[in-house]
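Participant: Below are the sequence and a predicted model; questions follow.
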Amino acid sequence: MTQKARILASLDALIERKADQIAQDVFEDVVENTPVDTGQAKRGWRRFTDERGVRHVANPEHHILQLNRGSSTKAPAAFVQGAIAKALRR
């Protein structure tokens with residue numbers, strides 16, 4: 001393996017680790033900050049990597065959009081965007 005190939009492989013590995021860490025940080029933050037009434041929205045969060053290697057943090061619960069828009073007094077509006085911004089600053 002050439003030096004250039006080793007550097008590129010090392011860089012790829014670093015990017016993969018950082019992407020994993022960002023996804024995990026976002027996941028943990030949104031789970032922690034999802035407002036709870038019944039707990040359904042909080043339990044709905046999922047973290048997964050698709051077949052292309054793209055990381056996702058998703059919640060299929062129908063009312064998560066309303067919660068993120070600030071419909072609950074238990075969490076601020078845009079708590080999802082806040083989790084993303086916080087993870088990217090780390």
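Facilitator: Yep, it's here. Numbers count the residues shown, from 1 in each chain.
Participant: roughly how far apart are the most centrally placed residue in the chain and Glu61?
Facilitator: Nearest to the mean C-alpha position of the chain, counting by Cα atoms, centre = their mean, stands Val26 at 3.2 Å. From Val26 over to Glu61 the distance is 17 Å, taken as Cβ to Cβ, to the nearest Å. All C-beta spots, glycine's among them, are computed from the backbone N, C-alpha and C.
Participant: How about Gln24?
Facilitator: Here the criterion is Cβ to Cβ. By it, Gln24 lies 20 Å from Glu61.
Participant: just for the chain, where's the confidence low?
Facilitator: Residue ranges of the chain with pLDDT under 70: none are present.
Participant: now the strands for it?
Facilitator: For the chain, the strands defined by DSSP state E occupy 46-49, 55-58.
Participant: Residues contacting the last one, please?
Facilitator: If you take Cβ atoms under 8 Å, 6 or more residues apart in numbering as the criterion, strand 55-58 is touched by 19-20, 22-23, 26-27, 30, 45-50.
Participant: Kindly recompute the last result at 6 Å.
Facilitator: Ala19, Ala23, Val26, Phe27, Arg46, Arg47, Phe48, Thr49 (Cβ atoms under 6 Å, 6 or more residues apart in numbering).
Participant: Could you turn the buried ones of the residues you listed into a ChimeraX selection?
Facilitator: Selecting only the buried entries of the contacts of strand 55-58 in ChimeraX, with 16 or more other Cβ atoms under 10 Å as the criterion:
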select :23,26,27,47
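Participant: Most widely separated two among the contacts of strand 55-58?
Facilitator: Ala19 and Arg46 (16.6 Å; Cβ to Cβ).
Participant: ok so, going back, can you lay out the strands of the chain as a markdown table showing distance to Asn68?
Facilitator: Output for the strands of the chain, formatted as a markdown table (distance: least, Cβ to Cβ, whole Å):
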| stretch | distance to Asn68 |
| --- | --- |
| strand 46-49 | 16 |
| strand 55-58 | 12 |
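Participant: can you tell which of these is closest to Ala77?
Facilitator: That would be strand 55-58 among those, by Cβ to Cβ, at 18.2 Å.
Participant: Could you export that closest one as PDB, CA atoms only?
Facilitator: The C-alpha trace of strand 55-58 is given here as PDB (Å, rounded to 0.1, in the frame of the first residue of the first chain):
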ATOM      1  CA  ARG A  55     -26.500   7.500   9.100                       C
ATOM      2  CA  HIS A  56     -30.100   8.300  10.100                       C
ATOM      3  CA  VAL A  57     -31.800   9.300  13.300                       C
ATOM      4  CA  ALA A  58     -35.500   9.100  12.800                       C
END
